[in-house]
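Trainee: Have a look at this fold, sequence not included:
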């Protein structure tokens, strides 16, 4: 792969600094790196691959016409500047929510739907952090068993909110009163079932992102997901509990095999040895870790941990069944009328 010229917009933020770290770790072929941040940061330097690189403005970066610009500076910046870069022939990869649900812009997770991209796609949207890891698991399962619906509960770290949230948690953890609050409640030693703003339907914007973004990435509007998003006092790593209903019969070993063979998914599922996914083990890694897999229909009838059992005491005839149905209809009529 030839070396390319890259601009990182929002280079001083939590996401931007992580982008730079990954570019270094993967030894990405870069001819020139342009670091862009807000006006107050212009002139400061960031160390990249052992070299101090000065921070420049968006206008200066645009004049340089890099090959690729990675935007991690929020929706407003992306809405204003991404089209300017793309019009100049720069391929924009946007990490904000600005373009995700735009019908003309593709929402991409490479392992899931990277095949949809063409050379004419000048703005490429990156999904919500919660959706991104979820579809990595849903894709192979949907291809194999077809997902009808699912219920998702998320356990999201404070870094998903940003530096202000990190500062709030660390101040609270140190016994200090935060000068500014990212959340309406304390986050240290607490869990807040409130990620993003509430909508008229009772869900938060974050929860609805999971619903709609999944449909777009998976290219299947038939998948129905209900999500509850919870912020937890963890620094890195989002966790999710996912209940899925399939259209096809399945075997749990087949499910495990399907997941473990999908690129980017790692199976950590050995509860007897206390092995399961945890944020502390996922931090700094690119893979999606999956564990605690179990079959609902083999467990929900079990009482007190005992083995399920079914006994038939008597068999009734057709006439008895008709009497039961007629009695039920009579009860309904008495209660609700004709």
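Mentor: Cool, the structure landed. These numbers come from a predicted model, not from an experiment.
Trainee: Show me the shaky parts of this protein.
Mentor: 297-310 (pLDDT under 70).
Trainee: now the closest residue to residue 4 other than its chain neighbours: how far from residue 89?
Mentor: Once flanking residues are discounted, residue 4 sits nearest to residue 67: 4.2 Å by CB to CB, 6 or more residues apart in numbering. C-beta: built from backbone N, CA, C; applies to glycine. Per CB to CB, to the nearest Å, residue 67 is found 9 Å from residue 89.
Trainee: Which of those two has more residues huddled nearby?
Mentor: Neighbour count, other CB atoms under 10 Å: between residue 67 and residue 89, residue 67 has more, with 16 against 10.
Trainee: In contact with the residue nearest to residue 4, which residues?
Mentor: By CB atoms under 8 Å, 6 or more residues apart in numbering, the contact set of residue 67 is 4-6, 90-91.
Trainee: Residue 93 now?
Mentor: So residue 93 contacts 68-71, 124, 126 (CB under 8 Å, 6+ apart).
Trainee: just residue 173 next, same as before
Mentor: Residue 173 is in contact with 188, 233, counting by CB under 8 Å, 6+ apart.
Trainee: Could you double-check that residue 78 lies in contact with residue 100?
Mentor: No. If you go by CB atoms under 8 Å, residue 78 and residue 100 don't touch, sitting 10.3 Å apart.
Trainee: the more surrounded of those two?
Mentor: Between residue 78 and residue 100, counting by other CB under 10 Å, residue 78 is the more crowded of the two (24 against 21).
Trainee: And that one, how far from residue 224?
Mentor: 29 Å.
Trainee: Show me where the stretch 51-200 of the chain has its strands.
Mentor: Along the stretch 51-200 of the chain, counting by DSSP state E, counting those that start in this stretch, strands occupy 51-56, 68-71, 91-94, 106-107, 123-125, 147-156.
Trainee: Pick the most buried one from these.
Mentor: Stretch with highest mean neighbour count among these: strand 68-71 (a mean of 25; mean count of other CB atoms under 10 Å).
Trainee: roughly how far out does that one sit from the chain middle?
Mentor: 20 Å (CA atoms, centre = their mean, to the nearest Å).
Trainee: hmm, who's touching it?
Mentor: Strand 68-71 is contacted from outside by 4-10, 19, 61, 77-78, 81-82, 85, 90-96, using CB under 8 Å, 6+ apart.
Trainee: Show me which of the residues you listed are buried.
Mentor: With burial judged by 16 or more other CB atoms under 10 Å, the buried subset of the contacts of strand 68-71 is 5-10, 19, 61, 77-78, 81-82, 85, 90-96.
Trainee: Just those: which are in helices?
Mentor: When the buried ones among the contacts of strand 68-71 are checked against helices (DSSP state H), the matches are 19, 61, 77-78, 81-82, 85.
Trainee: ok, longest helix in this structure?
Mentor: helix 318-336.
Trainee: quick revisit: right, and out of the contacts of residue 93, which lies closest to residue 285?
Mentor: Checking the contacts of residue 93 against residue 285 with CB to CB, the nearest one is residue 126 at 18.2 Å.
Trainee: What distance do you get for the closest one to residue 311?
Mentor: 55 Å.
Trainee: Compare neighbour counts for these two and give me the winner.
Mentor: residue 126 (21 against 4).
Trainee: Helices of the chain, residue ranges please.
Mentor: Under DSSP H, the chain gives helices at 14-25, 58-64, 75-87, 110-113, 129-145, 163-173, 205-218, 252-260, 279-282, 318-336.
Trainee: Residue 292 is in contact with residue 271, isn't it?
Mentor: Yes. Under the criterion of CB under 8 Å, residue 292 is in contact with residue 271, at a separation of 6.8 Å.
Trainee: ok, now how distant is residue 143 from residue 258?
Mentor: 8 Å.
Trainee: ditto for residue 208
Mentor: 28 Å.
Trainee: cool, residue 187 as well?
Mentor: With distances taken as CB to CB, residue 187 is found 36 Å from residue 258.
Trainee: Between the two, which is the more surrounded one?
Mentor: Legend: neighbour count by other CB under 10 Å for residue 187 and residue 258, higher for residue 187 (24 against 17).
Trainee: Now do the same contact list for residue 216.
Mentor: 100-101, 107.
Trainee: make it 10 Å
Mentor: Contacts for residue 216 (CB atoms under 10 Å, 6 or more residues apart in numbering) come out as 100-103, 105-108, 113, 125, 127, 131, 135.
Trainee: And those, which is closest to residue 248?
Mentor: residue 135 (19.2 Å).
Trainee: wait, the closest one sits on residue 213?
Mentor: Yes. Taking contacts as CB atoms under 10 Å, residue 135 lies within contact range of residue 213: 8.0 Å.
Trainee: hey, what's in contact with both of these two?
Mentor: Contacts common to residue 135 and residue 213, judged by CB under 10 Å, 6+ apart, are 107, 109, 127.
Trainee: Ignoring the adjacent residues along the chain, who's closest to the last one?
Mentor: The spatial neighbour of residue 127 that comes closest, neighbours along the chain excluded (CB to CB, 6+ apart), is residue 213 at 5.0 Å.
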